[in-house]
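K.L.:
structure for this input, please:
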Amino acid sequence: MRKLWLLFIFVSCASIALGQQTQAQLVSRDQPYKLQPSDVIDLEYVYTPEYNEVATIGPDGTVRLKLIGSLKVAGMTLDEATAAVIAKASVPLNKPEVTLTLKDYVKPHFTISGQVERPGIYDMHGSVTFLQAIAMSGGVKDFGKQKQVILVRKTNSEFAEVRVVDLKKLSTADGVKEDFALRPDDMLLVPKNRLGKVEPYVRVASMGLTSLYGVEVFK
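P.N.:
Sure, this is the predicted structure:
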């Protein structure tokens, strides 16, 4: 009887943990869109349409609006940005009513460069795995180091994680099981020469479209 009771407790705890994990995954998946540089927003004032405008968020995350000046909105949801606009517009206006909509946004994409047939920036229409990204680029050239493909992934606005992927191993019957999905803004670099020490993290500022670890980003 005691064994049955312990088994019941174990199953109950496992079910709760699984439910919490599933709920966390759903919450993460359903997070509202957050504004980012190059997004285009449409701002409308209900009672003062002369201040209506379409504006683009700058590289520093701020948008310049003719009524209230500069406002940092990158990282905000549309609701949060609307509240921020209302707060600043309430100084020159009396209880403004504002509608803020997303007119255009940066499409999810990844970058692949170095020793591939078609280096460039590719839009992500749904999920794209590492091997699919290599295939989309036309495959690795003869001189590409397949055992040292670099994956650069932003962890925050300042740093990016660097990971070395063995494409040759990943392309085998057993290795393909370890294929993984890319994330928006991932950068893949296929070097021509064997690399030495690879730092686990790099500053985002060093990821300009020139070179990284000696790999040309674009021809």
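K.L.:
residues in contact with residue 110?
P.N.:
When contacts are counted by Cβ atoms under 8 Å, 6 or more residues apart in numbering, residue 110 touches 121, 122, 124, 128, 133, 182, 183, 184, 185, 186, 187, 188. Every residue, glycine included, has its C-beta placed from N, CA and C.
K.L.:
do that again at 6 Å, thanks
P.N.:
122, 182, 186 (Cβ atoms under 6 Å, 6 or more residues apart in numbering).
K.L.:
from the residues you listed, which land in strands?
P.N.:
residue 122 (DSSP state E).
K.L.:
okay, the contacts of residue 110 in CSV with neighbour count, distance to residue 141 and pLDDT next?
P.N.:
What follows is the contacts of residue 110, written out as CSV (neighbours: other Cβ atoms under 10 Å; distance: Cβ to Cβ, whole Å; pLDDT from 0 to 100):
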residue, neighbour count, distance to residue 141, pLDDT
122, 19, 17, 95
182, 22, 21, 95
186, 22, 20, 94
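K.L.:
what's the closest of the contacts of residue 110 to residue 148?
P.N.:
residue 186 (16.5 Å; Cβ to Cβ).
K.L.:
what about the residue nearest to the closest one when sequence neighbours are not counted, helix or strand, and which?
P.N.:
In this structure, residue 186 finds its nearest non-sequential neighbour in residue 110, 4.6 Å apart by Cβ to Cβ, 6 or more residues apart in numbering. Assigned by DSSP states H and E, residue 110 belongs to strand 109-114.
K.L.:
who does that strand pair with, and is each partner parallel or antiparallel?
P.N.:
Paired neighbours of strand 109-114 in the sheet (DSSP bridges): strand 120-123 (antiparallel), strand 187-190 (parallel).
K.L.:
check contacts around residue 138.
P.N.:
117, 118.
K.L.:
separation between the residue nearest to residue 186 and residue 46?
P.N.:
Using Cβ to Cβ, to the nearest Å, residue 110 is found at 40 Å from residue 46.
K.L.:
rewinding a little: figure out which of the strands paired with strand 109-114 is closest to residue 178.
P.N.:
Evaluated with Cβ to Cβ, the strands paired with strand 109-114 place strand 187-190 nearest to residue 178, the distance being 15.9 Å.
K.L.:
local confidence estimate at the residue nearest the centre of the chain?
P.N.:
For the chain, the residue nearest the mean C-alpha position is residue 184 (3.7 Å; Cα atoms, centre = their mean). Per-residue confidence (pLDDT) for residue 184: 90.
K.L.:
for it, which residues are in contact?
P.N.:
By Cβ under 6 Å, 6+ apart, residue 184 lies in contact with residue 108.
K.L.:
backbone phi and psi for it, please?
P.N.:
Per-residue torsions, residue 184: phi -50, psi 140 (degrees, to the nearest 10).
K.L.:
looking at this structure, which helix or strand is least sure?
P.N.:
Every helix and strand in the chain was compared by mean pLDDT, DSSP states H and E; the lowest is helix 2-29, with a mean of 40.
K.L.:
C-terminal to that one, what's the next element?
P.N.:
Next element after helix 2-29 (DSSP H and E): strand 40-45.
K.L.:
how many neighbours does residue 86 have?
P.N.:
By other Cβ atoms under 10 Å, the residues close to residue 86 number 17.
K.L.:
hmm, back to that, pLDDT (mean, whole number) over the strand holding residue 110?
P.N.:
Across strand 109-114, the average pLDDT comes to 94.
K.L.:
so which bits of that strand are buried?
P.N.:
For strand 109-114, burial by neighbour count (16 or more other Cβ atoms under 10 Å) applies to 110, 111, 112, 113, 114.
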